[in-house]
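J.: here are the coordinates; sequence isn't available:
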């Protein structure tokens, strides 16, 4: 069965305040990085799925959009890549 | 002054256990996603920097490797992209 490596990026929607990002930004400005702005902190999730591509894509869409992210506040983006298996 | 958009990906080193990833994996297997394995949860941070490219790169290397990640347990990877400013 083909194996896939998926990367999911979860970010807060642009209209949602990001207190964690603001805190990082303030910390950086105290560390002589005053030219940094617009810090937004999101999640990056890696997973492996086995199955046929079409099914895995549908499944990943559901996992990324409904399990790993909160669709009210967050956007989810994902990439899928087939993993080459070594010949038996 | 040029503006840059940076994306930083922070992941646990492969040898470090990821209890959050294990929990996600177990939750997924209860949600009829039993073909998912190897879940690893990391951070995805976006920021904006202004300055000259060489300086911004050195600065970002320091921020990603020492502020946004813990170099003992985590790996940090980053991308830098110039932001096109509209003509004045």
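T.: Arrived safely. Keep in mind that this is a model prediction, so the values were computed, not measured.
J.: is any residue of whichever strand or helix holds residue A:37 near chain B?
T.: With secondary structure defined by DSSP states H and E, residue A:37 is part of strand A:36-50. Yes. Strand A:36-50 lies within reach of chain B by C-beta under 8 Å from any C-beta of the partner chain, at A:36-50. (Glycine included, C-beta is placed from N, CA and C.)
J.: so what pLDDT did residue A:85 get?
T.: You'll see residue A:85 listed with a pLDDT of 77.
J.: name the nearest residue to it, ignoring sequence neighbours.
T.: In space, not counting the residues next to it along the chain, residue A:85 is nearest to residue A:3; the distance is 6.3 Å by C-beta to C-beta, 6 or more residues apart in numbering or on different chains.
J.: was I right about the one you found contacting residue A:83?
T.: Yes. Here residue A:3 reaches residue A:83: they are 4.3 Å apart, a contact under C-beta atoms under 8 Å.
J.: which of the residues in stretch A:45-63 are buried?
T.: Buried residues in stretch A:45-63, defined by neighbour count with 16 or more other C-beta atoms under 10 Å in any protein chain shown: A:45-49, A:51, A:56-57, A:59-60, A:63.
J.: closest one of the residues you listed to residue A:18?
T.: Of all the buried residues of stretch A:45-63, the one sitting nearest residue A:18 is residue A:45; the distance, using C-beta to C-beta, is 18.1 Å.
J.: is the closest one bridged to anything, and to what?
T.: Residues found in beta-bridge contact with residue A:45 (criterion: DSSP bridges) are residue A:8, residue B:41.
J.: give the contact list for it.
T.: For residue A:45, the contact set (C-beta atoms under 8 Å, 6 or more residues apart in numbering or on different chains) comprises A:7-8, A:10, A:68, B:21, B:24, B:39-42.
J.: from the contact counts, what lies against the longest helix seen in chain A?
T.: Secondary structure of chain A read by DSSP state H shows that its longest helix is helix A:19-30. Using 3 or more C-beta pairs under 8 Å, 6 or more residues apart in numbering or on different chains; DSSP states H and E, the elements in contact with helix A:19-30 are strand A:36-50, strand B:36-50.
J.: residue contacts, the residue most central in space within chain A?
T.: Among the residues of chain A, the smallest C-alpha distance to the mean C-alpha position (C-alpha atoms, centre = their mean) belongs to residue A:9, namely 1.3 Å. Applying C-beta under 8 Å, 6+ apart to residue A:9 gives the contacts A:42-44, A:76-78, B:44.
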